[in-house]
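S.K.: one predicted model, sequence on top.
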Amino acid sequence: MKGRFETATAAATRRHGRAVNPLRRVVGVVLVALASTTGAAAAPKPLTSHLVAVKPIAAPNGVGDLCRRYDWACANPAGSRIAAGNVLALAKAVNAAVNAKVREVSDRRQYGREDVWALPTARGGDCEDFALAKKKQLIEAGVPPTSLLIATVLDRRRNPHAVLVLRTATGDYVLDNLTNRILPWQETGYSFLRMQNPKAPRLWDAILAGGIFARS
C-alpha cells in the first residue's frame, strides 16, 4: 500500500517538472501516514458531506509560529454572529473579493525562501496566504473560527495546493484561489491530505479523502 502511493507521488513529480510548490513535501509525509493506518482507515471511503479525520498528524512545515503571529488563525470559540442561511453567500462574496484583490506570487519570489505562511502583502501571496486572508475576513464578519479550516490538498493535476474549508451543518465547502465558485469538498476532485482540527485548530488531522484516496 505504501509503495502504491509513493509511486503515485513520484509519477506526479515527473509530470509536473516545473518549479516545485513548497507544499509538495507535505504529500510524502501524509501518504506515509496513510500507509501506517489500519487497513480499514486506508481503504477507499465513500464521500460524505463532511471531511472526516483519520488520525492526528503534524502541521505542514510552513505553519511554524502561525498561531502566535495570528491568534485568530488558531482560535476555537464556538458560536456565530451570522445566520446560517447567510454564511454561504458571505463566503462566496469574500472568496471572490480576495481572489480579485490579491495577486498570486510565490514565496520564493516574495521572500526568497519557501514555506512562508502569512497574510498577503501588497505584492500578493500564494495559496496559503489567500486562505488566511479569507479566514481572517470571515472571522471578522462573525463566522466562528471553528468553521473555517485551512486544508492542504492535491488538485486535479496532483499539484500540492491549499484551500479554506467552510464547515456548515449541511457539509464542508471549499474556498479556493483557483476559482470563484464555492463547491462542496467532494465536488472539487481534490485529494484532501490534512486539515486543521475544528475543535483545536492549533492541531492538524490527516484526512486522506477524495481524489486518489477515493479510488480502489
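M.R.: Thanks, I have the structure now.
S.K.: let me see the contact set for Gln196.
M.R.: For Gln196, the contact set (CB atoms under 8 Å, 6 or more residues apart in numbering) comprises 74, 149-151, 203-205. Any C-beta I mention is one placed from the backbone N, CA and C, and that applies to glycine too.
S.K.: recalculate using a threshold of 6 Å.
M.R.: 149-150, 204 (CB atoms under 6 Å, 6 or more residues apart in numbering).
S.K.: leaving out the residues flanking it, which one is nearest to the residue most central in space within the chain?
M.R.: Geometric centre of the chain, nearest residue: Ala151, 1.8 Å, by CA atoms, centre = their mean. Excluding the flanking residues, the one nearest Ala151 by CB to CB, 6 or more residues apart in numbering is Met195, at 3.9 Å.
S.K.: that neighbour should be in a strand, yeah?
M.R.: Yes: assignment of Met195 by DSSP: H, G, I helix; E, B strand; the rest coil places it within a strand.
S.K.: pull out the buried positions in the lengthiest helix in the chain.
M.R.: When the chain is parsed with DSSP state H, its longest helix is helix 84-101. Buried residues in helix 84-101, counted by 16 or more other CB atoms under 10 Å: 87, 90-92, 94-95, 98-99.
S.K.: closest to Glu140 among these?
M.R.: When these are compared for distance to Glu140 (CB to CB), Val94 wins out at 9.8 Å.
S.K.: give me the element the residue lying closest to that closest one once chain neighbours are set aside is part of.
M.R.: What sits nearest to Val94 in space, not counting adjacent residues and going by CB to CB, 6+ apart, is Gln137, at 5.0 Å. Under the criterion of DSSP states H and E, Gln137 resides in helix 127-140.
S.K.: same question, Arg181
M.R.: Assigned by DSSP H and E, Arg181 falls in strand 179-184.
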